[in-house]
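**Student:** sequence and predicted structure below; questions after.
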Amino acid sequence: MVAAHFNVSDTYVHDTFTKFVDMKRLPLPRILSIDEVHLDINEKTKLCCVLMDFETREIVDILPNRWETTLDAYFYSISFQERGNVEYIVSDMYSEYLTFPDKYFRNAKIVIDSFHVVSYLNQLLNNYLVSVKKKYQKRDKERLKEKNELNNLAYSSI
């Protein structure tokens with residue numbers, strides 16, 4: 001909205017904001033929610049990593065990307081004691097996020113968010129329905145071919 005209002009690019013707004021504003025992160029919460037948002041900051045950085053307190057819904061911090069090197073540098077800069085207070089990590093099924101308990105949060109359990117669980121189950125169900133549909137389409141196509149052949153034979157004998 002700011003970029004549109006001042007007729008400048010999103011990148012310019014982002015760069016100006018980060019140049020003048022240094023926001024400190026909030027303490028890590030008991031339940032850490034992690035997801036990405038598509039910001040398309042530059043050619044290499046399309047997704048920013050958003051860390052939120054699942055209970056209060058406050059943004060803890062926003063990382064410029066979700067690359068392993070960025071995540072390592074960020075989380076290893078936070079004390080082991082503070083990281084130990086995180087009990088649960090709520091995320092999607094992005095493989096890097098699933099490694100968080102082993103890498104950064106020894107006391108935490110990973111929880112896949114309900115949106116992604118339902119989405120995954122819907123995908124499995126759709127794949128099954130398509131396979132059943134294809135099976136019956138093949139059967140019906142063969143029956144129709146047989147019926148047409150029989151009709152053609154009956155017609156040609158008249």
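**Tutor:** Looks like it came in fine.
**Student:** and the protein, what are its domain boundaries?
**Tutor:** Segmentation of the chain into domains, based on the TED database, reads 23-112, 114-157.
**Student:** worst average pLDDT in the ones you listed?
**Tutor:** The weakest mean pLDDT among the domains of the chain belongs to domain 114-157, with a mean of 83.
**Student:** quick one: the strands in this structure?
**Tutor:** For the chain, the strands defined by DSSP state E cover 31-38, 47-53, 59-63, 88-91, 109-112.
**Student:** what's in contact with the first one?
**Tutor:** Contacts with strand 31-38, where a contact means Cβ atoms under 8 Å, 6 or more residues apart in numbering, come from 46-55, 60, 66, 86-92, 94, 97, 100, 105, 108, 113. Heads up, the C-betas are built off the backbone N, CA and C, glycines and all.
**Student:** quick one: contacts for the residue most central in space within the chain?
**Tutor:** Nearest to the geometric centre of the chain sits residue 92, at 5.1 Å (Cα atoms, centre = their mean). Going by Cβ under 8 Å, 6+ apart, residue 92 touches 35, 112-113, 115-116.
**Student:** where is the longest helix in this protein?
**Tutor:** For the chain, the longest helix by residue count, based on DSSP state H, is helix 114-156.
**Student:** near residue 96, how many other residues are there?
**Tutor:** 14 (other Cβ atoms under 10 Å).
**Student:** ok, the nearest residue to it once chain neighbours are set aside to residue 47 distance?
**Tutor:** In this structure, residue 96 finds its nearest non-sequential neighbour in residue 68, 6.0 Å apart by Cβ to Cβ, 6 or more residues apart in numbering. Look at residue 68 and residue 47: by Cβ to Cβ, to the nearest Å, they are 13 Å apart.
**Student:** so between these two, which is more surrounded?
**Tutor:** Neighbour count, other Cβ under 10 Å: between residue 68 and residue 47, residue 47 has more, with 18 against 11.
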